[in-house]
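S.K.: A predicted structure for the sequence below; I have some questions about it.
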Amino acid sequence: MIEVKNLTFGYNKHKNVVEDLSLKIEEGFVHGLLGKNGTGKTTLLSLISGLLFPDNGEINVDGFVPKERKTAFLSEIFFLPEEFDEMKISINTYTQVNAKFYPHFSQSDFESYLQEFEITDMKQKLSKLSYGTKKKVFIAFGLATHCRYMFLDEPTNGLDIPSKTQFRKIILKAMTDKQTMIISTHQVRDLHNLIDNIIIMDKASVLINASVAQITNKLWFGLNEQNKNSNVIFEEENVGGKMVVAENTAAQESNLDIELLFNAAFQNRERFNEIFNNNK
């Protein structure tokens, strides 16, 4: 489990990016980390990974303190940033250099994931690849490390539609119940049918941290005329009619609409805090 208590961090003394933030992230699930620009998503992942050090507060990852950067901790963390430095080495060389830091790395799995991404030439220079293809290589490598924790920052940026489908299939195939993945993204539609839990950050705090089952138990998503109660929290015009988010007082079944949830949460912060009991 990842546990964050009263975490505060700022890149300068005048403004905190994360302030007095507390949350728990359960192991064995794929978590979607959502929020508007500047809400601290990448910063939070960097703090949990030990790439940044908190100004105040505590982070505990299975008994490890990330800022101590112990080898046993780092070997179980893989962090894919949104942008990466140019590397004038081949895929093979990158693997030979970096795989040794991950004791559970599987070369056969790496090659299998690359093939599913339709990448077959391991001698290609990373610097010669497109942004999207490089991202596929690093996603495949990260999954092949079989790290206990994987943090992906905007992993579908640069991927075309078929590649996004491949990404979802590979993630579902590769993940085990002993691993935990956090995917930070603005492209919420790419997370449908992939994530188990949703975390929405707002103004350097957590607006919601709940499983898909908890969300659909408390909220109903669908067309307005299909709603059997009047407790509408949010509504939005759609091609097929008016889409709504309502309190699920009638215990209706519905499919989670992540984009609708995101918009509703930011329009009704106080109501969401009441419904989800301040995320506890």
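M.R.: Ah, there it is.
S.K.: Low-confidence stretches in the stretch 1-150 of the chain?
M.R.: Scanning the stretch 1-150 of the chain for pLDDT under 70 picks out no residues.
S.K.: any chance you could map the helices in it?
M.R.: For the stretch 1-150 of the chain, the helices defined by DSSP state H, counting those that start in this stretch cover 41-49, 71-74, 91-98, 107-116, 131-145.
S.K.: ok, and for the longest one, which residues are buried?
M.R.: Residues 133-145 are the ones in helix 131-145 that count as buried (16 or more other Cβ atoms under 10 Å). Just so you know, the C-beta spots here come from the backbone N, C-alpha and C atoms, and that holds for glycine as well.
S.K.: What is the burial count for the closest residue in space to residue 26 that isn't next to it in sequence?
M.R.: Leaving out its chain neighbours, the residue that sits closest to residue 26 by Cβ to Cβ, 6 or more residues apart in numbering is residue 1, at 6.1 Å. Look at residue 1: counted by other Cβ atoms under 10 Å, it has 12 neighbours.
S.K.: Can you tell me how far residue 1 is from residue 130?
M.R.: Going from residue 1 to residue 130 by Cβ to Cβ, to the nearest Å gives 37 Å.
S.K.: now swap in residue 191 and tell me
M.R.: Distance from residue 191 to residue 130, by Cβ to Cβ: 23 Å.
S.K.: neighbour count winner among those two?
M.R.: Shown here are residue 191 and residue 130; by other Cβ under 10 Å, residue 191 has more neighbours (21 against 9).
S.K.: residue contacts, the more buried one?
M.R.: Residue 191 is in contact with 32, 183, 185, 258, counting by Cβ atoms under 8 Å, 6 or more residues apart in numbering.
S.K.: my guess is residue 94 contacts residue 87, does it?
M.R.: Yes. Between residue 94 and residue 87 there is a contact at 6.4 Å, judged by Cβ atoms under 8 Å.
S.K.: which neighbours do the two share?
M.R.: Taking Cβ under 8 Å, 6+ apart as the contact rule, residue 94 and residue 87 both touch residue 126.
S.K.: secondary structure element for residue 152?
M.R.: Taking DSSP states H and E as the definition, residue 152 sits inside strand 149-153.
S.K.: For that strand, name the packing helices and strands.
M.R.: helix 41-49, strand 77-80, helix 131-145, strand 180-184 (3 or more Cβ pairs under 8 Å, 6 or more residues apart in numbering; DSSP states H and E).
S.K.: how does it look with 6 Å?
M.R.: Here strand 149-153 touches strand 77-80, strand 180-184, going by 3 or more Cβ pairs under 6 Å, 6 or more residues apart in numbering; DSSP states H and E.
S.K.: Would you mind finding the most buried of those strands?
M.R.: strand 180-184 (a mean of 24; mean count of other Cβ atoms under 10 Å).
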